[in-house]
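> kindly return the folded structure for what I paste below:
(2 chains)
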Amino acid sequence: MTMDRRTVLGLGGAVAAGAILLAPGVRLIAAPNKTEASGAQRWAMLIDVNHCTAACTACTDACRTENNVPLFGDPKRDIHWIRKVEVQDEEGRRPPLSLPVLCNHCEHPPCVHVCPTEASFIRKDGIVLVDKHRCIGCRYCMIACPYKARSLVYFQVDVDKASNPRVPVRGKGVVEKCTFCVHRVDDGQQPACVEACQAAGEGAMLFGDLNDPQSEIAQRVRTLKTETIRADLGLKPHVHYQGL
Amino acid sequence: MQLSDFTTIEGRSFGYWALMGVLGLFVLLGAGAFLYVEIMGHGVTNMNNQVVWGAPHVFAIALLVMASGALNLASMATVFGASHYKQFRRFSAFLAIALLAGGLIVLLLDLGRPERLLLTMIHMNFGSMFTWNVFLYSGFMVLCFLYLWAMMEHEKWVKVAGSSAFAGRLILTTGTGSIFGVIQAREVFHSAITAPTFIAVSLSSGTAICLLLLMATYRQTGREMDEKLVHGMRNMMVFFLLAVAYLMVVEKFTKSYSPAFYEVEAWIMTGPYALLYWGGVVTLGILLPLVILFNPGWSNTRGGITTAALCAVLGEVAFVAHVLIAGQSYPLDLFPGYNISSPFLDGQSASYSPAAVEYMLGFGGVALAGILYLLGIRFFRLLPDKAVAPEGWHPWSP
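As a prediction, this is how the structure comes out:
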């Protein structure tokens, strides 16, 4: 088969035009790479149980406000990104503890391992998130999470004027959980629960970068006796507790 | 056995159409339930944040487990050389497909976002048992179709296709059992023996459903089936029920040596789901059918064998229900050795009773499998006019 000059030019022009038209699209597809999380950081939380009081709900209240987390009035189906748990030894010899429990943003998250569509994923900086547009609502992650950190959205939730516009709209039939307030962390702020805890004067919660040896959390985790919940499972949780 | 011996049923009787009508109604109710849940959200079910897989999953998993067991009859002929079951190979493979279809449809329609199903094909996580099960379910269906095609058109490929389907059903049920067995967080079902137990349960319930449908189909269509064939399948059921009992005893025996399991095992045996365990799984699913089948009088009557087979099927449903519902209801042990409580109901056994829409969706899947079976025997030559046993073959009698 031979091609005359006009055909060659026509094809070449078409390829060039196509490339020009496609280029912005390619740029758009490639764009998220520029803003992806950095593996240089490893976000973690430290909760000093000695400073957490049963009556204080500053962290849970702040989370609901910041992340538009609704209460349906049905304890079995309310959404909880963070909740206060009362812990009492079986003999009742020690005073009960009250502490917040949330997603532990594990290094080996079972929720991510079992998710069939990779809707649950772990960022390079260790924050475990759910892609609400990719979740098919199979709930396998809820079965796999040993911390009961996940909730299914059982009812339609509408956005109103009071809703925080920085948080994605809630999707019915999709699983969700604590994000470490990723939208705030990416802007250099603290998670809402930590900020509220400090504002309430308790100072029980601390958030920071474990990879930064100068950070307060790295120093305290390194020098003080801290524990994680169900460390025996080998998931390497990144919510640490002091005084447990 | 020649191809001409296999015939379709007429399918013109009142009984046939009445059964189709009833099953069709259940399928419509199931479709209505799906649309209702899809529009209103899972809030209209009784599932909650502790029991996230409810009755629809019980129906779906029970059908899927039974589907792989339904192929057993065909495998006995093709893989293990029991040539007297050769005449039931087509029926067996087709029934496996029908049950699989019924189970899968319920599983898919119970997703929180079923319209996003295609995402499972686009974004695959090969670390997830669910992803593997997508391949295992579709692969098993393809293998069963190939097996049917070989049986109907190309006998020389039957051995290869049948052996592949046999391997496929073992892997499939291992995959289904492993959905639960691999989950470290759930003490009730996290065990390496969960998957083998699922295989044993699939064999007993799959043989039982084959036995029930064969006896009913032959009786309703006025065909003849040699009683020795019924007794042979009865014997298989005895063996498989003993296998289920054996695996369950081994699991309890092993856990009895680990104090870490005492609390959860005591909860299983005496807690809120003790009736389901003792009454459904142990008594209905294992002891009662074994007592019937080991009784020299009952085990040689159609009534006794039918009752035992029904018990085995219901026992399988109870087993799956116990794994799923009790497995999720047992509270997650965040702080071993401590009592905990919270507004998220930490430290409490979950309570759950299925809503009507959940039953409707589940029975819709069962009805769909039933309709597929009725269509199968109406349009495909799946069964011989007369099921005969070899002259010199005498099945062992309990």
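> what helix or strand is A:Gln88 on?
Per DSSP states H and E, A:Gln88 falls inside strand A:82-89.
> chain center to that strand: distance?
Distance, stretch centre to chain centre, for strand A:82-89: 21 Å (C-alpha atoms, centre = their mean, to the nearest Å).
> what angle separates the very next helix or strand once past that strand from strand A:82-89?
Using DSSP H and E, the next helix or strand after strand A:82-89 towards the C-terminus is strand A:97-102. Inter-element angle recorded for strand A:97-102 and strand A:82-89: 140 degrees (by axes from the mean of the first three to the mean of the last three C-alpha atoms, to 10 degrees).
> is any residue of strand A:97-102 near chain B?
Yes: with C-beta under 8 Å from any C-beta of the partner chain as the criterion, chain B is reached by strand A:97-102 at A:Val101. Glycine gets a C-beta too; all of them are placed from N, C-alpha and C.
> who's in contact with that strand?
The set of residues external to strand A:97-102 that reach it, using C-beta atoms under 8 Å, 6 or more residues apart in numbering or on different chains, is A:45, A:47, A:49, A:52-54, A:59-60, A:81-88, A:147-149, A:178, A:193, A:205, A:229, A:239, A:241, A:244, B:334, B:342, B:346.
> with only the CA atoms kept, save that strand in CSV.
Output of strand A:97-102 as CSV, limited to C-alpha atoms (Å, rounded to 0.1, in the frame of the first residue of the first chain):
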residue,chain,number,x,y,z
LEU,A,97,-11.3,4.4,82.2
SER,A,98,-13.0,6.6,79.6
LEU,A,99,-11.2,6.9,76.3
PRO,A,100,-11.9,7.8,72.7
VAL,A,101,-11.8,5.0,70.1
LEU,A,102,-11.5,5.7,66.4
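> strand partners of it, parallel vs antiparallel please.
In the sheet, strand A:97-102 lines up against strand A:82-89 (antiparallel) (DSSP bridges).
> pull out the buried positions in the partner strand.
A:82-88 (16 or more other C-beta atoms under 10 Å in any protein chain shown).
> restricted to helices, list the contacts of strand A:97-102.
Assigned to helices by DSSP state H, the following of those qualify: A:59-60, A:193.
> of those, which is the most crowded?
A:Cys193 (28 neighbours; other C-beta atoms under 10 Å in any protein chain shown).
> before we move on, back to that, okay, the strand holding A:Gln88 in PDB with CA atoms only?
Output of strand A:82-89 as PDB, limited to C-alpha atoms (Å, rounded to 0.1, in the frame of the first residue of the first chain):
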ATOM      1  CA  ILE A  82     -15.100   8.400  67.100                       C
ATOM      2  CA  ARG A  83     -16.800   7.300  70.300                       C
ATOM      3  CA  LYS A  84     -16.000   7.300  74.000                       C
ATOM      4  CA  VAL A  85     -15.600   3.800  75.400                       C
ATOM      5  CA  GLU A  86     -15.800   3.000  79.100                       C
ATOM      6  CA  VAL A  87     -13.300   0.400  80.200                       C
ATOM      7  CA  GLN A  88     -13.700  -1.500  83.500                       C
ATOM      8  CA  ASP A  89     -11.600  -4.400  84.700                       C
END
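> so which residues make contact with that strand?
So strand A:82-89 is contacted by A:54, A:57, A:59-60, A:63, A:94, A:96-102, A:178, A:193, B:334-335, B:337-344, B:346 (C-beta under 8 Å, 6+ apart).
> name the nearest residue to the closest residue to chain B within chain A, ignoring sequence neighbours.
Chain A approaches chain B most closely through A:Gly137 (1.7 Å), counting by C-beta to the nearest C-beta. Nearest residue to A:Gly137, sequence neighbours excluded (C-beta to C-beta, 6 or more residues apart in numbering or on different chains): B:Gly112, at 1.7 Å.
> which residues touch the residue most central in space within chain A?
Closest residue to the average C-alpha location of chain A: A:Thr179 at 2.0 Å, with C-alpha atoms, centre = their mean. Listed by C-beta under 8 Å, 6+ apart, the contact partners of A:Thr179 are A:67, A:81, A:127, A:129.
> check what pLDDT it gets.
You'll see A:Thr179 listed with a pLDDT of 97.
> buried residues, stretch B:378-397. List them.
Going by 16+ other C-beta under 10 Å, stretch B:378-397 has these buried residues: B:381-384, B:387, B:389, B:395.
> and the two most separated of those residues?
Pairwise distances across the buried residues of stretch B:378-397 peak at 26.4 Å for B:Arg381 and B:Pro395 (criterion: C-beta to C-beta).
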